[in-house]
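Asker: Following is a predicted model, sequence given first.
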Amino acid sequence: MPVLNEHRYLRHAVDSVLAQDLDVPSELVLALGPSTDGTTELARQLADADERIRIVDNPAAHIPVGLNAAIRASRYATIIRVDAHSELAPGYAARALETLERTGAANVGGVMHAEGRTPFQKAVARLYNSPIGLGGGAYHGGTHEGEAESAYLGVMRRAVLDEVGLFDETIRRGEDWELNLRIRRAGHRVWFDPHLSVTYWPRESWLRLARQFRATGAWRGELVRRFGRRNGIRFFAPPALVLVLGAAVVVGILQLTVLDALSALLASIVYLPLLAYVLLDLAVALAPGGGSLRQRLWTLIVLPTMHISWGLGFLGGVLSGARDTVDASRLGTRNTPLP
């Protein structure tokens with residue numbers, strides 16, 4: 001479990017891991033980044049209270065660096081990746097081990113089920129769980145078990161990781177997708193089991209969400225630079241939205257300045273995709289299950305925030321690479337504990 005500024009969530013995440021009922025030895029290795037919100041102190045308290053918890057340092061604070069440090073320090077044949085912003089469902093580990101054995105896969109993942117506490121976080125969670133929000137990857141709500149492109153978090157055979165190499169430490173986001181690409185290229189299978197469920201808690205504010213999605217989009221753009229069309233077609237929808245939005249702004253300026261009436265009318269066709277997107281946004285916000293009025297209003301804002309932030313990051317990543325882009329939403333969090 002890589003950990004950075006997760007004081008609000010760490011105890012819940014750790015408790016969900018330690019509560020897993022297994023008939024084999026297990027441990028929890030925390031890769032601690034240089035937190036500023038009391039996370040380090042909390043992690044050491046938790047480690048002092050349970051001998052199954054071990055700690056390694058991750059001074060670089062990058063997720064794949066921390067994951068690799070934790071994997072190298074681990075002692076057992078199966079690696080279960082856990083996120084400090086998530087909670088494993090009861091029986092998750094036992095079911096994953098059974099699925100590994102039953103299928104012969106190298107990596108098994110399940111459903112990322114987002115949940116929220118505030119109206120904003122609930123709006124984000126609802127869009128996470130919707131194919132409209134994040135593009136319909138199997139782990140966002142798939143129901144059919146089978147081979148997959150990637151796995152959320154992932155329950156992996158250590159021998160396969162040693163064979164293909166660990167996480168690529170030059171990739172800051174999307175490192176799991178790239179690792180699974182190498183696993184599949186090596187002739188192994190990645191498996192999706194919808195009976196595996198992980199609760200994920202989204203970012204708690206609009207600015208943190210926008211920062212997270214911009215960074216994620218930038219690194220997806222970097223992965224497109226490196227691996228081209230091996231990236232799924234769904235990744236190209238948000239940047240297409242950004243390009244259409246930019247074209248609409250240019251057309252609007254031309255209509256107000258230099259275009260004659262007929263040309264201005266013909267150019268208005270560029271607004272049609274944006275009109276369709278606005279209607280889609282409204283339909284999602286007003287659909288049954290949208291929650292309270294505040295949650296529905298946040299949905300109207302959150303959906304384009306996710307897509308535009310991701311799309312802007314993606315275009316930057318494709319054009320100039322992700323470079324040193326980091327997920328700034330993980331920095332400087334407050335240490336108010338969750339109930």
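Answerer: That came through, no problem. Residues are numbered from 1 along each chain as shown.
Asker: Now do the lowest-mean-pLDDT helix or strand in the chain: which elements does it pack against?
Answerer: Every helix and strand of the chain was ranked by mean pLDDT, DSSP states H and E. The lowest is helix 131-134, at a mean of 85. Packing contacts for helix 131-134, counted by 3 or more C-beta pairs under 8 Å, 6 or more residues apart in numbering; DSSP states H and E, involve helix 119-128, helix 293-320. Placement of C-beta: from N, CA and C, glycine included.
Asker: Mind doing that once more with 7 Å?
Answerer: Helix 131-134 is packed against no helix or strand, with contacts defined by 3 or more C-beta pairs under 7 Å, 6 or more residues apart in numbering; DSSP states H and E.
Asker: in its sheet, what does the next helix or strand after that helix sit against?
Answerer: Sequence order places strand 146-147 as the next helix or strand after helix 131-134, per DSSP states H and E. If you go by DSSP bridges, strand 146-147 pairs up with strand 190-200 (antiparallel).
Asker: quick one: the helices in the stretch 101-250 of the chain?
Answerer: Counting by DSSP state H, counting those that start in this stretch, the stretch 101-250 of the chain has helices at residues 119-128, 131-134, 158-164, 175-185, 206-227, 237-257.
Asker: which SS class is residue 25?
Answerer: On the three-state scheme (DSSP: H, G, I helix; E, B strand; the rest coil), residue 25 is labelled coil.
Asker: Which residues are in contact with it?
Answerer: Contacts were defined as C-beta atoms under 7 Å, 6 or more residues apart in numbering; by that measure residue 25 touches residue 76.
Asker: what's the answer for the one 5 residues further on, then?
Answerer: Remark: with contacts taken as C-beta under 7 Å, 6+ apart, residue 30 is in contact with 1, 3, 43, 53, 55.
Asker: dump the residue contacts of the residue nearest to the first one when sequence neighbours are not counted.
Answerer: Nearest non-adjacent residue to residue 1, counting by C-beta to C-beta, 6 or more residues apart in numbering: residue 82, 4.4 Å away. Residues in contact with residue 82 (C-beta under 7 Å, 6+ apart) are 1, 13, 17, 88, 153.
Asker: Thanks again, I'm all set now.
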